[in-house]
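> next come a sequence and a model predicted from it.
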Amino acid sequence: SQQGEEDPQALSIQEGENATMNCSYKTSINNLQWYRQNSGRGLVHLILIRSNEREKHSGRLRVTLDTSKKSSSLLITASRAADTASYFCAIVGSNYQLIWGAGTKLIIKP
Amino acid sequence: ETGVTQSPTHLIKTRGQQVTLRCSSQSGHNTVSWYQQALGQGPQFIFQYYREEENGRGNFPPRFSGLQFPNYSSELNVNALELDDSALYLCASSSKGSSYEQYFGPGTRLTVT
């Protein structure tokens, strides 16, 4: 079963706009990670936020974490065509396995 | 590029056959995890290997098995293939003892007909 649930399932925006994706989970966590996947290929790690952190930035990415609501959000600012991809959140289960949501498919229109 | 490689890139097999997928981990990483990703879904954890031993397993039947070699490369074997085994198979390497990010290979697309 998948512990993470991304919302929305799909998002289509104009280039230059900001994109926000949300993730909810069910268990307590040590950290939460966001990944990007292009065209059904390998996943690329974007950012990790620990349970004692509330916000983290990396370039045009901003991730927030609310452990009381068991939710996280990923904001991509000033989107580019190259940001078109599927975005997944993942939490770490036992033995450091990653447990994934179904992802948000982001389309950036030129 | 993560330094994790997988082979083959694509594979077509017939129901009932057996398949072996291969993964070379990133230098310095001693842990390999395997995931199955069906179309339109998130990855599902199959199992993890640490220092040549299985270190955790997801909800997959015993016909999914694996190996890790002394150089930390790994194989995923699937026996008695079923149509539902058609998926993208991803391996990821990481360093044991941390919950840091995993580094993924490009995947092997398996089609079972």
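Received the coordinates, thanks.

> low-confidence ranges in chain A?
Residues of chain A meeting the criterion pLDDT under 70: A:1-4, A:40, A:94-96.

> mind listing the strands for it?
A:5-7, A:10-14, A:19-24, A:31-37, A:43-50, A:55-58, A:61-66, A:71-76, A:85-92, A:98-100, A:104-109 (DSSP state E).

> could those be laid out in CSV, adding distance to B:Asn30 and mean neighbour count?
C-betas here are computed from N, CA, C, even on glycine. Formatted as CSV, the strands of chain A follow (distance: least, Cβ to Cβ, whole Å; neighbours: other Cβ atoms under 10 Å in any protein chain shown):
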stretch, distance to B:Asn30, mean neighbour count
strand A:5-7, 31, 19
strand A:10-14, 38, 13
strand A:19-24, 29, 20
strand A:31-37, 20, 23
strand A:43-50, 18, 19
strand A:55-58, 26, 12
strand A:61-66, 28, 18
strand A:71-76, 29, 20
strand A:85-92, 17, 24
strand A:98-100, 17, 25
strand A:104-109, 32, 18
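
> reformat the ones you listed as CSV; add distance to B:Glu101.
What follows is the strands of chain A, written out as CSV (distance: least, Cβ to Cβ, whole Å):
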stretch, distance to B:Glu101
strand A:5-7, 18
strand A:10-14, 24
strand A:19-24, 16
strand A:31-37, 6
strand A:43-50, 4
strand A:55-58, 12
strand A:61-66, 13
strand A:71-76, 15
strand A:85-92, 9
strand A:98-100, 9
strand A:104-109, 19
